[in-house]
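Peer 1: based on what follows, work out the 3D shape:
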Amino acid sequence: MSNLHALATAAGLQIDWEDALGEPQRVADEDLALVLNALGFPATDERAIADSRRRLAEDGGGTGGFISADVGRPVDLPLSFGAAGLGELILENGSRRDVRIEQSGAGLSLPPIDTPGYHHLHVNGREIALAIAPSHCFRVEDAASGRKIWGPAVQIPALRDERRQAYGDFGTLAHAAKAFAARGADAIAISPVHALFPADASRYSPYAPSSRLFLNVLYADPALIGEPLLPESGAELIEWETMIPRRLEQMLAIYQRTSGQVRDAVAAFRREQGSDLEAHATFDALHAHFFSSGATGWQDWPAQFHDPSGHAVREFAAGNAEQIGFYAFLQWLAKKGLDAAQEIAVDSGMAVGLIADLAVGMDPGGSHVWSRPQDVLSGLTIGAPPDLLGPDGQNWGITGFSPHALQRTGFEGYIATLRAALGSAGGIRIDHALGLRRLWVVPEGAPASRGAYLTFPMEDMLRILALESQRSKAIVIGEDLGTVPEGLRPAMDERAMLGMRVLWFERDKEGSFVPPSSWPGDAAAMTGTHDLPTVAGWWSGRDIDWTWKLGRTSRAVDEAADRANRAEEREILWKAFEEAGLVDGPQPEPEDTAAVIDAGVAYVGRTPSILAILPMEDIVGLEEQPNLPGTIDEHPNWRRRMPGETDALLNDSPVAARIDLLNKARRS
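Peer 2: Numbering: from 1, shown residues only. This next block holds a predicted model:
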């Protein structure tokens, strides 16, 4: 093994990997050097490589003073922590006891610890943080007494209620949760509600947040403090560029006339949230200040504002206290609204309530990277390697946690992010859960094909996830779609973390759809996701329309071949429905989707999967999907609205009958 390869391996890079077809691939040496340089381990020549290897060895691989382990099992410690002997264990509740550290193979070990939590070990003059995890995450059966449950997946802005707003907010979500609970749903899944960039109305994608520690303030509902917004026309498509500035203007007027009682509540919230909220609110104020001059992220600000604790930022904060207070108020109001939505969901009878969505990363120009640069990958973005769907690879333009920083800081940023997501929910969906095992990282300015897989401390992250899940009594779903790395799904199963099983992907080797009875029980069964065609859209070929209209990549040689292949696929799906006893009679025409939607919903409902999640678009029977991956302006992503108020839609006879089918299937 060359010195470069030894350094890459020690830094967690996968030199050799398999693509989506199972073909072996190897990262070129020059690409390894690019990624290593971005990770902070220069590899420009042999001297630099030797120095980087030495620093990495001295750092102990980034483990710092943090160890994770499982309840009831010995805790392994490396020999670098000292010799066998006595140590003092301080449990999270403050109790103390002496423990004996013993030699164990090539390392040291502690006797099993039976109390889950974040504890501390004092040994040989060192303090070691211990995360002792429960055996598994909080489970659906813990929340719902073993019942098979279901819930819709909704896009909050798409929802409508009697208030006639330009887009849905947390108040609309609460209304929808109550309506679905009345019709038998036990959960309601939502897309990410992370903080975006309020001053930039062009940035409304929920998957490129400024920070995952705070909320999208555009969803705040001022009716909670007796300040309902005036009715607005609810167009079919949300005009974010117009509506975001208008909503912020209305919210500012509300803030300026808030009572002393509200101001006191906001002040208490700011004290509780501490320096992270102050930094985020300050970022939002700075972003608004510099955005008018063309600055899209903090990197475009004058250099003196790059340091959150620097003099320039402190001076700005002192001179703009009211504007910073406004953004803190919006965070308080958003949190109050999301908490209320979860409370209403549970009070209305849902066993789980909201299932929050944790985006895989954040915008490099956003609040988190500016205020907590020690947490993240610097100079690298996240994406996907070249594959059938993206021959050139994908660069998502977002960054994420550094695995070395996670271990060095005791996973502080990761724990804070999980708590932020779980704080107002009964469940969480981990976007691109493959990233718990590895992420494809790309040097800034380089094409996605020049990236490499970076390994993450999966066992540590899953243990912490189980610990936080149990504390919040929240179920966990992992998006395990795509090229799943070896070992991830067994590890998820061991922790009772539900994988996702989507109708379109559940096929056998011959291409037939897997019968409902053969789907796994420990999974979230789904008709689709926000990135996939709806049942009606797939049957009618609406996704094919978009593919050829926009000139997107297709596996078919031409449009005629694409449509001919879909005709064959429709026959296969209808046959699967017939064999499941869900339909009889002739196969419907492409434009006749009602019976197909009913059968698709019942098909997923009949699976033994403990949880079924169905996009609201499928429950209502819509043709268009919320998002078309790989597009920005070509398709109206995240702009579509529901065709009516939630209650009215669910009372519509075909929709009500469809929900009855689903409830019956879940009880079978």
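
Peer 1: the stretch 351-500 of the chain: helices as residue ranges?
Peer 2: If you assign secondary structure with DSSP state H, counting those that start in this stretch, the helices in the stretch 351-500 of the chain sit at 367-371, 403-408, 412-422, 458-472, 488-494.

Peer 1: check the offset of the longest one from the chain's centre.
Peer 2: In this view, helix 458-472 has its centroid 15 Å away from the chain centroid, taken as CA atoms, centre = their mean, to the nearest Å.

Peer 1: with the second one instead?
Peer 2: For helix 403-408, the separation from the chain centroid amounts to 20 Å (computed by CA atoms, centre = their mean).

Peer 1: can you list the neighbours in contact with that helix?
Peer 2: The contact list for helix 403-408 (CB atoms under 8 Å, 6 or more residues apart in numbering) reads 11-12, 39-40, 59, 61-64, 66, 374-376, 413-414, 454-457, 460-461. C-betas here are computed from N, CA, C, even on glycine.

Peer 1: low-confidence ranges in the stretch 301-450 of the chain?
Peer 2: Within the stretch 301-450 of the chain, the stretches with pLDDT under 70 are 388-391.

Peer 1: go again using 80 as the cut-off
Peer 2: Flagging of the stretch 301-450 of the chain using pLDDT under 80 yields the residue ranges 387-392.

Peer 1: same question, the chain
Peer 2: Under the criterion pLDDT under 80, the flagged ranges of the chain are 1, 20-21, 58-64, 78-84, 104-106, 124, 233-234, 387-392.

Peer 1: skipping adjacent residues, who's closest to residue 308 in space?
Peer 2: Closest residue to residue 308 apart from its sequence neighbours, by CB to CB, 6 or more residues apart in numbering: residue 371 at 5.0 Å.

Peer 1: before we move on, the earlier item: now, which of the contacts of helix 403-408 lie within strands?
Peer 2: 66, 454-455 (DSSP state E).

Peer 1: now do stretch 32-50: distance from first to last residue.
Peer 2: 15 Å (CA to CA, to the nearest Å).

Peer 1: identify all contacting residues around that stretch.
Peer 2: Here stretch 32-50 has contacts from 3-5, 7-8, 11, 13, 15, 27, 51-52, 55-56, 377-380, 402, 404, 441, 443-444, 446, 450-452, 454, using CB under 8 Å, 6+ apart.

Peer 1: what about burial for the residues you listed, which qualify?
Peer 2: 4-5, 7-8, 11, 13, 15, 27, 52, 56, 377-380, 402, 404, 441, 443, 446, 450-452, 454 (16 or more other CB atoms under 10 Å).

Peer 1: so which of those residues are in strands?
Peer 2: Residues of those located in strands (DSSP E): 13, 380, 441, 443, 452, 454.

Peer 1: adding distance to residue 578, write the residues you listed out as a markdown table.
Peer 2: As requested, those are arranged in a markdown table below (distance: CB to CB, whole Å):
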| residue | distance to residue 578 |
| --- | --- |
| 13 | 50 |
| 380 | 50 |
| 441 | 46 |
| 443 | 52 |
| 452 | 47 |
| 454 | 47 |
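
Peer 1: now the ones in strands among the contacts of helix 403-408 as CSV including distance to residue 642?
Peer 2: Converted to CSV, the ones in strands among the contacts of helix 403-408 look like this (distance: CB to CB, whole Å):
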residue, distance to residue 642
66, 46
454, 40
455, 42
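
Peer 1: and of these, the nearest to residue 351?
Peer 2: Within the ones in strands among the contacts of helix 403-408, distances to residue 351 taken as CB to CB reach their minimum at residue 66, with 34.4 Å.

Peer 1: what about the nearest residue to the closest one once chain neighbours are set aside, neighbour count?
Peer 2: Here the nearest residue to residue 66 in space, its sequence neighbours aside, is residue 410; by CB to CB, 6+ apart that works out to 4.1 Å. Neighbouring residues of residue 410 were enumerated by other CB atoms under 10 Å; the total is 21.

Peer 1: ok, now residue 466?
Peer 2: Other residues within reach of residue 466 by the criterion other CB under 10 Å amount to 26.

Peer 1: the one 10 residues further on too?
Peer 2: Residue 476 sits with 28 neighbouring residues when counted by other CB under 10 Å.

Peer 1: that one: what's it in contact with?
Peer 2: Residues in contact with residue 476 (CB under 8 Å, 6+ apart) are 137-138, 427-428, 430, 465, 469, 495-498.

Peer 1: among these, which ones are in strands?
Peer 2: With DSSP E as the criterion, strands contain 427-428, 430 from among these.

Peer 1: does residue 643 touch residue 621 like I think?
Peer 2: No. Applying CB atoms under 8 Å as the test, residue 643 and residue 621 come out as separate, 9.8 Å apart.

Peer 1: between the two, which has more neighbouring residues?
Peer 2: Set side by side, residue 643 and residue 621 show unequal neighbour counts under other CB under 10 Å, the larger going to residue 621 at 21 against 14.

Peer 1: might one say that that one is in contact with residue 536?
Peer 2: Yes. Look at residue 621 against residue 536 with CB under 8 Å: they come within range, at 5.8 Å.

Peer 1: so what's in contact with these two at the same time?
Peer 2: With the criterion set as CB under 8 Å, 6+ apart, the overlap between the contacts of residue 621 and residue 536 is 593, 597.

Peer 1: of all the helices of the stretch 351-500 of the chain, which one is nearest residue 162?
Peer 2: When those are ranked by proximity to residue 162, the top entry is helix 412-422, at 29.6 Å, counting by CB to CB.

Peer 1: roughly how far is the closest one from the heart of the chain?
Peer 2: Per CA atoms, centre = their mean, the centroid offset for helix 412-422 relative to its chain is 12 Å.
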